[in-house]
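>>> whatever this is, show me its structure:
(one chain, ligands or ions: 2)
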Amino acid sequence: MTTEIRSTPKPRTKPQPRPVQQPSPMPFQRYQPFQPIVLSDRTWPAKSVTKAPRWLSTDLRDGNQALIDPMTPGRKRKLFDLLVQMGYKEIEVGFPSASQTDFDFVRSLIESDAIPDDVTISVLTQARPDLIDRTAQSLIGAKRGTIHLYNAVAELFRRVVFHMDEQECKQLAKNGTRWVIDAAEKYLRDVEFGYEYSPEIFTQTPTEFAVEVCNGVIDVWQPDADREIILNLPATVEMSTPNTYADQIEYFCRNIDSRDSVCVSLHTHNDRGTAVAATEFGLMAGADRVEGCLFGHGERTGNVDLVTLGMNLYTQGIDPKIDFSRLDEVRRTVEYCTGMPVPARQPYSGDLVYTAFSGSHQDAIKKGLEDLETKAERERVGIHEVAWQAPYLPVDPHDVGRTYEAVIRVNSQSGKGGMAYLMKADHSLVLPRRLQMEFSRVVQQHSDSEGGEVTSEQLWQIFSDEYLNRTEPLKGKGFTLETTEDGRATIKARISSHGVEKVITGEGNGPVSAFVDALGNVGVRLRVLDYNEHALTAGGDATAAAYVECEIENGDIEVHWGVGIDPDITTASLKAVMSAVNRHRREAYAVAM
Ligand SMILES: CC(=O)SCCNC(=O)CCNC(=O)[C@H](O)C(C)(C)COP(=O)(O)OP(=O)(O)OC[C@H]1O[C@@H](n2cnc3c(N)ncnc32)[C@H](O)[C@@H]1OP(=O)(O)O
Ligand SMILES: CC(C)C(=O)C(=O)O
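Ligands and ions are numbered 1, 2, ... in the order given. Predicted structure coming up:
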């Protein structure tokens, strides 16, 4: 129970001035703030995402074009198969007009029947007739295929890269669309054909103009209920806070023609580190589809991470429609294919994201897992079937194919909870609370002096050295026990005390108290304060663990825990008593010889 502290007089401590940050030496004045779009009647902030969007993986295109070593055809194929297995139904497989290798890869997918009937592949091209022609040829024979055309519409790009005014730029988008239709009619009459257009650098373009260009493209493509157009709105370079992107998307959705035949698609990059937030806000603002890469591969800081987005839905109880249940396997495949490691703190998939080192986190996680166990028992279901709620763990590691092994790891920041968790999970020892506190100090001393992590094996070694392996000054050599009907026990034990063998005898109301009495024969005076025992393994040959907390008297009184492990529970408890005595400073008591 917490005692209520009544209001106290103002503390008489010395006031602390508020810290003042000093100007940085960097030339920040060279940069201009982004201009937010004016949309005062925005509705997206009050919305939430309630279902999975359509997903497109661009791992094999945007992801691949940003790799130090672009993937070999073999690696691309491995990644393609993985994406299919995970459930992606739209996969951008390359830029076939870029190189023979890219072209051949698309051909190989089609010719080897690698594309399931419900999967649409798409290919990217610039708005140039020769490139579009080649791109269309790459799709011949596919069941379903999409050509994705882009041109930059932002002022900076028009001025610096293309030397075009707004109308020329819009005309290029319309012409490009026409060239795509012509090429598709020429080569792809048997293909269930789709079209995607991206006004590149959408986020740096006045949104009204982006809408105007896209409406021009719509005029050419003439979408209807059976012939949608995908309008993909790239944050090619992320330049603003995510709410601005959402405003742009809401404005676009409200003002684009033929909205019912338009699939509004998001394509975010992570330059400011907020691609996930921007995408989620964009979905709230009305978008239908998301493009990204597994683990956020892609140009510069990467495309939005499809794993994070999908798992963010999952942890809200929404089916992402993608299978993340073997996330480590997915990660290994992607690492192999891209040659790039996934960082240890990558959301949901990094090595350390389900691991707590710090004491208070470990304590809460341990209690949370115990609470889930209790809930599961009460509901008579498995622990992985109960509604998930655990402190510090937004998702059950088991659901993404992890075990609880790595959930708690011990170092100098850890407390008793974490170490008790490992002792139970890995070594089946359920340490009583005060023993946890005592052992935690022992572990702390070790990690303070050695530094670094204490692995589960090291933890066991420290525990064994401290509690189980001490044979000085006392070592048991066997005992006989007689008990009467009323529970009185008489013990005759052979022990080695300071290397000298002795037979000691004692009586008590149980084996432990009889043994404690017998230890008086060699001058050890102790009182048992607490006793716990449990089986370590199930079945007839079960091994038992016993824990005793002893008050040991030798001038001063000291309290020590002792632990004994033995197939026989009585032997385990006597070993536990000797463990406590042996842990007591051996010179601290006189041993009667
Ligand atoms: C944001 C993105 O991720 S877009 C995708 C980017 N991906 C890639 O570029 C990978 C594949 N690309 C390539 O291999 C090459 O760029 C190719 C083969 C497509 C074209 O190569 P090249 O013909 O040598 O042209 P290069 O790449 O240097 O292109 C620049 C030219 O294309 C023009 N261009 C660039 N983008 C587009 C576009 N979307 N539509 C039309 N023209 C374009 C430029 O204005 C420039 O024209 P200029 O030579 O008259 O100044
Ligand atoms: C081609 C487009 C969609 C692109 O990759 C980007 O703008 O980032």
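>>> contacts and neighbour counts: CA atoms only from here.
OK.
>>> wait, Ser358 sits on Gly417?
No. Ser358 is beyond contact range of Gly417, at 9.6 Å (criterion: CA atoms under 8 Å).
>>> the two: which is more packed in?
Shown here are Ser358 and Gly417; by other CA atoms under 10 Å, Gly417 has more neighbours (25 against 18).
>>> and the more buried one, how far from Pro11?
34 Å (CA to CA, to the nearest Å).
>>> then Thr274?
From Thr274 over to Pro11 (counting by CA to CA), the distance is 42 Å.
>>> of these two, which one has the most company?
Thr274 (17 against 7).
>>> what's near enough to touch the nearest residue to that one once chain neighbours are set aside?
With sequence-adjacent residues excluded and distances taken as CA to CA, 6 or more residues apart in numbering, Thr274 is closest to Pro242, at 6.6 Å. Applying CA atoms under 8 Å, 6 or more residues apart in numbering, we find Pro242 in contact with Thr274, Ala275, Ala277, Ala278, Thr279, Phe281.
>>> give me the most central residue, this protein.
With distances taken as CA atoms, centre = their mean, Tyr348 lies nearest the centre of the chain, 2.3 Å away.
>>> Phe193 in helix, strand or coil?
Here Phe193 is strand, with the state taken from DSSP: H, G, I helix; E, B strand; the rest coil.
>>> quick one: residues contacting it.
Shown in contact with Phe193 (CA under 8 Å, 6+ apart): Arg144, Gly145, Thr146, Ala184.
>>> ok, 10 Å please
By CA atoms under 10 Å, 6 or more residues apart in numbering, the contact set of Phe193 is 120, 122, 139, 142-147, 181, 184-185, 227.
>>> how about JSON lines for these, with secondary structure and neighbour count added?
JSON lines is the format used below for these (DSSP: H, G, I helix; E, B strand; the rest coil; neighbours: other CA atoms under 10 Å):
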{"residue": "Thr120", "secondary structure": "strand", "neighbour count": "22"}
{"residue": "Ser122", "secondary structure": "strand", "neighbour count": "26"}
{"residue": "Leu139", "secondary structure": "coil", "neighbour count": "27"}
{"residue": "Ala142", "secondary structure": "coil", "neighbour count": "23"}
{"residue": "Lys143", "secondary structure": "coil", "neighbour count": "20"}
{"residue": "Arg144", "secondary structure": "strand", "neighbour count": "22"}
{"residue": "Gly145", "secondary structure": "strand", "neighbour count": "25"}
{"residue": "Thr146", "secondary structure": "strand", "neighbour count": "24"}
{"residue": "Ile147", "secondary structure": "strand", "neighbour count": "25"}
{"residue": "Ile181", "secondary structure": "helix", "neighbour count": "20"}
{"residue": "Ala184", "secondary structure": "helix", "neighbour count": "25"}
{"residue": "Glu185", "secondary structure": "helix", "neighbour count": "14"}
{"residue": "Arg227", "secondary structure": "strand", "neighbour count": "15"}
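>>> quick one, phi/psi of the residue of the chain found nearest ligand 2?
Closest residue of the chain to ligand 2, CA to the nearest ligand atom: Thr236 (3.7 Å). Note on Thr236: backbone dihedrals following degrees, to the nearest 10 are phi -50, psi -40.
>>> now for it, how many residues are close by?
Counted with other CA under 10 Å, residues neighbouring Thr236 total 20.
>>> return the backbone torsion pair for the residue lying closest to it once chain neighbours are set aside.
Of all residues not flanking Thr236 in the chain, Ile201 sits nearest, at 4.9 Å (CA to CA, 6+ apart). Dihedral pair for Ile201: phi 60, psi 40, per degrees, to the nearest 10.
>>> so Ile201 makes contact with Asn151?
Yes. Contact criterion CA atoms under 10 Å: Ile201 and Asn151 qualify, at 8.8 Å.
>>> run through the protein and note the low-pLDDT ranges.
1, 538-541, 585-593 (pLDDT under 70).
>>> quick check: residues of it near ligand 2?
Asp62, Tyr150, Ser198, Glu200, Ile201, Pro234, Thr236 (CA under 6 Å from any ligand atom).
>>> narrow those to those in strands?
Those of the residues of the chain next to ligand 2 mapping onto strands are Tyr150, Ser198, Glu200, Pro234, per DSSP state E.
>>> and which of these is nearest to Arg300?
Arg300 has its nearest neighbour among these in Pro234, at 14.5 Å by CA to CA.
>>> identify the residues contacting that closest one.
Contact analysis of Pro234 by CA under 10 Å, 6+ apart lists 198-204, 245, 265-269, 291.
>>> ligand 1: which of these is nearest?
Glu200 (6.5 Å).
>>> list the contacts of the residue nearest to the closest one when sequence neighbours are not counted.
Among residues not flanking Glu200 along the chain, Ala152 sits closest, at 4.2 Å (CA to CA, 6+ apart). Contacts for Ala152 were tallied using CA under 10 Å, 6+ apart; they are 126-127, 158, 161-162, 169-170, 172-173, 198-202, 204-205, 236.
>>> what of Ser496?
Ser496 neighbours (CA under 10 Å, 6+ apart): Thr471, Glu472, Pro473, Leu474, Lys475, Gly476, Lys477, Lys502, Val503.
>>> quickly list what it is bridged to.
Judged by DSSP bridges, the bridge partners of Ser496 are Lys475, Glu501.
>>> any of the contacts of Ser496 buried? List them.
The neighbour-count test (16 or more other CA atoms under 10 Å) applied to these identifies Thr471, Glu472, Pro473, Leu474, Lys475, Gly476, Lys502, Val503 as buried.
>>> just checking, the fifth one touches Met578?
Yes. Proximity of Lys475 to Met578 meets the contact threshold set by CA under 10 Å, at 7.3 Å.
>>> so how far does stretch 310-318 reach from one end to the other?
With CA to CA as the measure, the ends of stretch 310-318 fall 9 Å from one another.
>>> got the residues of this structure near ligand 1?
Close to ligand 1, as judged by CA under 6 Å from any ligand atom, the chain has residues Asp62, Gln65, Phe95, Ala98, Gln126, Ala127, Arg128, Tyr150, Asn151, Val161, Phe162, Thr236.
>>> okay, now the fifth one: neighbour count?
Gln126 has 19 neighbours, counted by other CA under 10 Å.
>>> same deal with the second one?
The burial count assigned to Gln65 is 17, neighbours taken as other CA under 10 Å.
>>> residue boundaries of the strands in the stretch 201-350 of the chain?
229-235, 262-268, 289-292 (DSSP state E, counting those that start in this stretch).
>>> can you give me the helices in the stretch 1-150 of the chain?
According to DSSP state H, counting those that start in this stretch, the stretch 1-150 of the chain carries its helices in the segments 64-65, 73-86, 100-111, 129-138.
>>> pick out the most distant pair among the contacts of Pro234.
Using CA to CA, the two most remote members of these are Gln204 and Glu291, lying 18.5 Å apart.
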